[in-house]
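# Have a look at this prediction, sequence included:
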Amino acid sequence: MKNILSLFLLSILLWSCEDKVNIDLENASPKLVIDANILWNKGTSGATQSIKLSTTGNYYSNTTPKVSGAIVTVTSGANVFNFLEVTPNSGEYVCTNFVPVINQNYTLNVNYQGQNYTATEKLLATPTITHVEKTVVSVFGKDVIQLKAFFNDNGNENNFYLVGVKNPLYQIPEYGVLKDEFFQGNEMFGFYADENLVTGLDMKFTIQGISERYYNYMNKLLSVSGNSGGSPFATPPASVRGNIVNQNDTNNYPLGYFHISEQDTKNYIIP
């Protein structure tokens, strides 16, 4: 009888915990979010690129407010690349004639509601992923697959890298940052391990050559978001400030980062 009574009381407790409770939170003024991550995949023209604009919203909202009516351009020397919102109210601005050039400076300009936001970044070269190696180690008596994606560092300069891997078991890619401080001019690798890896999985590795400032930004962002707890390219926390400046009011800065990079990709089916 005591067991039945205990189960009955437990069911009442669990039932009472199902009530949804919303706590009144103070709503801050919406901030502009600029997702300007331009990637030039090796072997492609890189002509089609997009930039997404949105604003921060209510904590309990399931939708992200899109930003329409902005004027978005990227300039490089005398070249002006116009990004247009092809689909109305989508917040996605597309350019179909972009021209990526290694070691060229590019300047983003976003004009929205009388505010002008700008940032400048150099398109850096990216090494090629030469090969991927698999090893198996025993962790607490269980075999765990480890993968290393190798590439060769350019010894003539200080380099910083953003490495990523798309595991088909998860929806969101995982990222990490590397620098060649102790590997100048040598072979380097991005390391990935997961206890759920099995033979037959088609893994996708990526690498980007990035600036030191973007390395520091991503290092902070990955620490906040957690390498596997969410996408670092989702709306960033307000405490992580990017390189985009509001020319009208520096204190009213947007969230996001203007990043442009060459990217190499290698698929690897685990044998």
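Thanks, I have it.

# Okay, now the unreliable bits of the stretch 51-200 of the chain?
Judged by pLDDT under 70, the stretch 51-200 of the chain has its weakly predicted residues at 57-63.

# Could you rerun that using 50?
Nowhere does the stretch 51-200 of the chain drop to pLDDT under 50.

# Could you give me the buried positions within the longest strand belonging to the chain?
Counting by DSSP state E, the longest strand found in the chain is strand 255-269. Buried residues in strand 255-269, counted by 16 or more other C-beta atoms under 10 Å: 255-266, 268. From N, CA and C alone the C-beta is placed, and that goes for glycine too.

# And for stretch 114-122?
Neighbour-count burial for stretch 114-122 flags Tyr117, Thr118, Ala119, Thr120, Glu121 (criterion: 16+ other C-beta under 10 Å).

# for the first one, what are its contacts?
What it means is Tyr117. By C-beta atoms under 8 Å, 6 or more residues apart in numbering, the residues touching Tyr117 are Leu32, Ile34, Leu108, Asn109, Val110, Asn111, Ile244, Val245, Asn246, Gln247, Pro254.

# Report the contact partners of the fifth one.
Spelled out, it's Val110. Contacts of Val110 (C-beta under 8 Å, 6+ apart): Leu32, Ile34, Ile51, Leu53, Ala70, Ile71, Val72, Asn116, Tyr117, Thr118, Ile244, Pro254.

# do the first one as well
Contacts for Leu32 were tallied using C-beta under 8 Å, 6+ apart; they are Leu53, Ser54, Thr55, Val67, Val110, Tyr112, Gln115, Tyr117, Pro254, Leu255.

# repeat that with 7 Å
By C-beta atoms under 7 Å, 6 or more residues apart in numbering, the contact set of Leu32 is Leu53, Thr55, Val67, Tyr112, Pro254.

# Now tabulate those in a markdown table and tack on distance to Ala193 and secondary structure.
Formatted as a markdown table, the contacts of Leu32 follow (distance: C-beta to C-beta, whole Å; DSSP: H, G, I helix; E, B strand; the rest coil):
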| residue | distance to Ala193 | secondary structure |
| --- | --- | --- |
| Leu53 | 37 | strand |
| Thr55 | 38 | strand |
| Val67 | 39 | coil |
| Tyr112 | 43 | strand |
| Pro254 | 36 | coil |
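
# Which one of the residues you listed sits in the busiest neighbourhood?
Most neighbours among the contacts of Leu32, by other C-beta atoms under 10 Å: Leu53, with 27 neighbours.

# Now do the contacts for that residue.
So Leu53 contacts Leu32, Ile34, Val67, Ala70, Gly91, Tyr93 (C-beta under 7 Å, 6+ apart).

# So what are the sheet partners of the strand or helix carrying the second one and their directions?
Element membership for Ile34, per DSSP states H and E: strand 32-41. The strands beside strand 32-41 in its sheet (DSSP bridges) come out as strand 49-55 (antiparallel), strand 255-269 (parallel).

# between the ones you listed, which gets nearest to Gln104?
With C-beta to C-beta as the criterion, Gln104 lies closest to strand 255-269 of those, at 9.1 Å.

# can you tell me the average pLDDT over that closest one?
Averaging pLDDT along strand 255-269 yields 97.

# try stretch 222-237
Mean predicted confidence for stretch 222-237 is 57.

# From the buried residues of strand 255-269, pick the one nearest Ile102.
Glu262 (6.7 Å).

# For the closest one, which non-adjacent residue is closest in space?
Using C-beta to C-beta, 6 or more residues apart in numbering and skipping the chain neighbours, the partner closest in space to Glu262 is Thr126 (4.1 Å).

# quick one: which helix or strand includes the one you found?
Per DSSP H and E, there is no helix or strand for Thr126.

# could you measure it against Asn41, distance?
Distance of Thr126 to Asn41, given as C-beta to C-beta, to the nearest Å: 10 Å.

# what's the overlap in contacts for these two?
Counting by C-beta under 7 Å, 6+ apart, the contacts common to Thr126 and Asn41 are Gln263.

# Which one's more surrounded, those two?
More crowded of Thr126 and Asn41, by other C-beta under 10 Å: Thr126, with 25 against 14.
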